[in-house]
Each structure stands twice: as structure tokens, then as C-alpha cells.
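J.: what follows is a predicted protein model with its sequence.
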Amino acid sequence: MRAFVDTDADDLFALHSNAHVLRYWDSPPWSDRARADRFLEVCRRMEQEGTGARLAVERAADGAFIGWCTLAGWNPEYRSASLGYCYGEAAWGHGYATEAARALLRWAFTTLDLNRVQAETDTRNVASARVLEKLGFVREGTLREDCVVNGEVSDSWVFGLLRREWQPVSEPAPTGRRPRSPAE
């Protein structure tokens with residue numbers, strides 16, 4: 001994972017203009033390339049304001065952009081935030097979403113000292129629900145007719161993960177280096 005850069009705009013546009021990738025999103029696929037530039041500006045603003053982090057995800061083997069993962073809506077008073085992600089079809093089923101989200105959760109619970117992370121997914125998006133469950137999220141409820149997706153009213157599942165329930169994956173022994181943010 002790394003911070004977004006301006007040269008990611010074309011990859012972002014390709015990702016967000018794919019109707020199949022966005023078939024469960026409550027916003028239509030992008031048709032205007034300028035949306036990618038606005039997306040990047042929002043990423044920078046989130047970081048500057050301290051309200052979240054949205055990071056590009058690259059495949060380690062070749063450095064190819066495969067999607068993004070975010071921790072947004074940080075609320076220091078409630079020690080909470082929301083997790084989200086979006087990946088291209090070629091990245092589906094390889095564990096990339098789980099791996100990137102796990103790194104953000106480690107950062108959320110250890111560095112940011114959050115108590116709760118929430119995520120939502122369309123009830124038809126079983127693959128996304130599986131990712132959240134692998135990470136330890138608990139399905140807490142259904143938001144009935146929460147969104148309109150492609151002109152169709154849709155329900156959303158709400159998932160939550162509490163710090164005391166989070167099970168980090170075993171990591172190698174410390175090397176004596178300073179802790180890094182997930183983007184480093």
C-alpha cells in the first residue's frame with residue numbers, strides 16, 4: 001500500500017468506470033475522467049484534515065495498481081472509523097483485499113488506538129462479506145432499502161469489529177526500526 005499520486009488517475013478511472021466492478025455500489029460507474037482527479041483531491045484532503053487514509057494497493061510481484069483500501073470517517077472522540085475497499089476484477093480471489101485491510105486494521109487498533117471499525121456492503125456482495133468475516137468482523141444488522149444501485153433499491157449489511165475482538169496475524173519479531181504507517 002502507498003499514498004496515491006497524480007499518475008494513478010488513469011488506473012483509478014479504469015477501475016471506477018468498470019460497471020462490473022461497481023455493480024454493488026450506490027454510485028454509477030464514472031464516465032468523466034475528471035472524477036479521478038477529484039478522487040485524488042479527496043484523498044489528499046482526508047490526509048491533511050486527519051479524517052482518514054485512502055491508499056493505493058499495488059501487487060508486490062510487479063507493482064501493478066490493483067485497487068485501493070481506506071480507513072475513513074475517523075472519530076477520535078468515539079475512537080471509531082469505517083473501512084472500505086475497491087479492487088479490479090483481476091485482483092479478486094487472491095487475498096489482496098484481506099491483506100490490505102488487515103494492515104489498515106493493525107494501524108487502526110495499534111497506532112490510532114481505535115476501539116471500533118465499521119464496514120458496510122450490499123447484501124448481494126457475498127465476496128466482500130467473506131473478506132470482512134475473514135478479518136473478524138461481525139455482521140451486526142441489515143439496513144433495509146439503504147441504497148439505490150443501478151436503479152434498484154438495495155439492502156446493506158453492517159459489519160463491526162471491536163478492538164477486543166481483533167485477532168492480528170502473527171508477525172515477525174521486531175527489527176528495532178520505528179513503527180511505520182501502512183503507506184510506508
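T.: Perfect, thanks for sending it. Numbering: from 1, shown residues only.
J.: only C-alpha atoms for contact and neighbour calcs from this point on.
T.: Fine.
J.: ok, so what distance separates residue 83 from residue 55?
T.: 12 Å (CA to CA, to the nearest Å).
J.: got any residues that touch both of these two?
T.: Shared contacts of residue 83 and residue 55, defined by CA atoms under 8 Å, 6 or more residues apart in numbering, are found at 69-70.
J.: surely residue 14 is within a helix?
T.: Yes: counting by DSSP: H, G, I helix; E, B strand; the rest coil, residue 14 falls inside a helix.
J.: now it: how far from residue 142?
T.: 31 Å.
J.: also residue 132?
T.: Taking CA to CA, one finds residue 132 at 15 Å from residue 142.
J.: which one's more surrounded, the two?
T.: A count of neighbours by other CA atoms under 10 Å puts residue 132 above the other of residue 132 and residue 142, at 25 against 16.
J.: who's in contact with residue 150?
T.: 23, 26-28.
J.: which phi and psi does it have?
T.: In terms of degrees, to the nearest 10, the main-chain angles of residue 150 are phi 50, psi 40.
J.: check contacts around the residue nearest to residue 50 when sequence neighbours are not counted.
T.: Of all residues not flanking residue 50 in the chain, residue 74 sits nearest, at 7.8 Å (CA to CA, 6 or more residues apart in numbering). Residues near residue 74 by CA under 8 Å, 6+ apart: 50-52, 80-82.
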